[in-house]
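J.: following is a predicted model, sequence given first.
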Number of protein chains: 2
Amino acid sequence: MTREKPVAVPDETGGIDLGPLADSLGFLFRVGQVEVFEMFFEQLGKLGLKPGEFSVLWVLHLNPRVRQGAVADTLRIKRAHMTKLVRTFEEEGLITRAIPDDDRRGIELSLTAAGNAFVQDHAEAFFATARSETDRLSPDEAQELIRLMQKFTRLGGET
Amino acid sequence: MTREKPVAVPDETGGIDLGPLADSLGFLFRVGQVEVFEMFFEQLGKLGLKPGEFSVLWVLHLNPRVRQGAVADTLRIKRAHMTKLVRTFEEEGLITRAIPDDDRRGIELSLTAAGNAFVQDHAEAFFATARSETDRLSPDEAQELIRLMQKFTRLGGET
DNA sequence: AGAAAACTGTTTCCTTGTAAACAAAATTCT
DNA sequence: AGAATTTTGTTTACAAGGAAACAGTTTTCT
């Protein structure tokens, strides 16, 4: 399993040979996420906006009265962690929790007026930054990358 | 910033509308990484193999006597965290640390015999799993996804 | 030479996220 | 109906990872 031709991968790694690691999805997903994260905070760090937290509020904005577990499953947040996020948002007055009569296990989340205002105030900057992250690629490449990632994550229908 | 046509994104989200979030690289990178991680542990969890830790040992295998900070920078691990990983590996007898005479700030890492054996023993399974992660896409799509992620992360030369 | 700046790794403290056991409610299966 | 199973969310205890301050070493700039 030792590679014979370290020549094969011309990279920007400061001379470190990664071998087949540079072709592995797990590694590329991780590096990509770190990279995007850094770009995000360079542009929006001053606002104290965090991608994960905003995503939750955004989903509540588009899907009022959604179940908290459904949000967790969709955003790939563990339910134990979701509990903490929800409590924090509630303490901050951004969301309300309601137990529906037809299934008293679940909890339906909705944005308060303050929560909606928060989303309205930050959505433009958030998505503008998201769009600017594709600047490293040509528009065609960016579109294709998004399509392939959506297919891989099964988020893009049957594309 | 409220969307007018929730119809636009046919997804596998259990009916939850994500809007433009489903097109954002940050979100897709995160979901992709979680997904790959889960696949990895389904297949290799029993071995106690962790992708990040194995990657460090793999890089040492291909690049003996590399500086610990260079490994951290390449794998996008923070140096503070790298210190902990290195200490653990050393305690486990997998690596040795050496201070070079020409720059006594740096620390050069190398695998011990046990470290090399560990890499030899697990490399096949590790990269087989990595390859199998592309099964959700056609071979052409997988290759293109890897190419685009490498370009995005600047790991793929000037492709 | 000597002070200032930069680099490398470490430590401490803190945030984020996870795993496992749990409790309440709903569903399933006799 | 009633016991077993499943679902949903919570709690607790912990692991992973990061930020900031620090110390030793080298480099840079007078």
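T.: Arrived safely, thanks for sending.
J.: alpha carbons only for contacts and neighbour counts from here, please
T.: Fine.
J.: for DNA strand D, what are the nearby residues on chain A?
T.: A:34, A:67-70, A:79-84, A:86, A:105-108 (C-alpha under 7 Å from any atom of the strand).
J.: low-confidence stretches in chain A?
T.: Counting by pLDDT under 70, chain A contains low-confidence ranges at A:1-12, A:157-159.
J.: can you show me the helices along it?
T.: A:25-44, A:51-62, A:68-75, A:79-91, A:113-132, A:139-153 (DSSP state H).
J.: which parts of stretch A:122-141 are buried?
T.: Neighbour-count burial for stretch A:122-141 flags A:H122, A:A123, A:F126, A:F127, A:T129, A:A130, A:R131, A:E133, A:T134, A:E141 (criterion: 16 or more other C-alpha atoms under 10 Å in any protein chain shown).
J.: look up how far DNA strand D lies from the fourth one.
T.: The reference is to A:F127. For A:F127, the distance to DNA strand D equals 21 Å [C-alpha to the nearest atom of the strand, to the nearest Å].
J.: A:R105 and A:L75, how far apart?
T.: With distances taken as C-alpha to C-alpha, to the nearest Å, A:R105 is found 21 Å from A:L75.
J.: compare these two (neighbour count), which wins?
T.: A:L75 (19 against 8; other C-alpha atoms under 10 Å in any protein chain shown).
J.: residues contacting that one?
T.: A:S55, A:V56, B:V31 (C-alpha atoms under 8 Å, 6 or more residues apart in numbering or on different chains).
J.: adding distance to DNA strand C and neighbour count, write the residues you listed out as CSV.
T.: Converted to CSV, these look like this (distance: C-alpha to the nearest atom of the strand, whole Å; neighbours: other C-alpha atoms under 10 Å in any protein chain shown):
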residue, distance to DNA strand C, neighbour count
A:S55, 11, 19
A:V56, 11, 21
B:V31, 10, 24
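J.: so which of those residues is the closest to DNA strand D?
T.: When these are compared for distance to DNA strand D (C-alpha to the nearest atom of the strand), A:V56 wins out at 13.8 Å.
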